[in-house]
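Peer 1: Generate coordinates for the sequence data below:
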Amino acid sequence: MKLLTVLIGLIATVCAKAPSPIGARTAAPDLRVSLERDDSKPHGIFILLTNRGTIPLWVNKRCAVGGENQSATDREIVIAVLDEHGEREPHLCRTRISSPKDDDYGTIAPGGTIRTAYDVARCFPGVRVGDKSIEVRFQDGRLDPPLAPGGSVYVSRSANVATVILKSDE
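Peer 2: Numbers count the residues shown, from 1 in each chain. You can find the predicted model right below:
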């Protein structure tokens, strides 16, 4: 009986020290996505990922842009075009993106921001500016991301969706 108690205690100790499984360590409320217009281009935007928390965040810094119609493993920024009433337009994103690699991941320090320039026309050729809005969210679809370094937390998605209005044709 004493041997059984010792074995149960040993197993409990090993299990308590085992690392959390990948995907179980998320901190989505700390990561925010925002958008800014790039006034130098009619369809230009800047996509910003900001760590608003107090610990480093481990994210896919590649920030590949794609539509909802694309495989979740091939893009991190999900983009949609909205009409003047806020309804999604039936555009299909037409970019070719490969799956992310381990070295695409990195940390964003507390208060730090990743800024990515993007031309919406790359994903949605033929979209007219008008009073369109662009909506984006960050969502890492990779099922097996590399382990986050000690002291940082893996984040698979942003805590929000961001929207920006494109420049109207004048």
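Peer 1: Now the element after the helix or strand containing residue 121, going C-ward?
Peer 2: Using DSSP states H and E, the secondary-structure element containing residue 121 is helix 120-123. Past helix 120-123, heading to the C-terminal end, the next element that is a helix or strand (DSSP H and E) is strand 133-138.
Peer 1: In PDB, list the C-alpha atoms belonging to that next one.
Peer 2: Output of strand 133-138 as PDB, limited to C-alpha atoms (Å, rounded to 0.1, in the frame of the first residue of the first chain):
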ATOM      1  CA  SER A 133     -14.900  49.600 -45.100                       C
ATOM      2  CA  ILE A 134     -12.200  47.000 -44.400                       C
ATOM      3  CA  GLU A 135     -12.600  44.700 -41.400                       C
ATOM      4  CA  VAL A 136      -9.700  42.600 -40.000                       C
ATOM      5  CA  ARG A 137      -9.000  40.300 -37.200                       C
ATOM      6  CA  PHE A 138      -5.800  38.400 -36.200                       C
END
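Peer 1: packing partners for that strand?
Peer 2: strand 31-37, strand 44-51, strand 77-82, strand 162-165 (3 or more C-beta pairs under 8 Å, 6 or more residues apart in numbering; DSSP states H and E). Heads up, the C-betas are built off the backbone N, CA and C, glycines and all.
Peer 1: Run the chain-centre distance for it.
Peer 2: Using C-alpha atoms, centre = their mean, to the nearest Å, the distance from the centre of strand 133-138 to the centre of the chain it belongs to is 11 Å.
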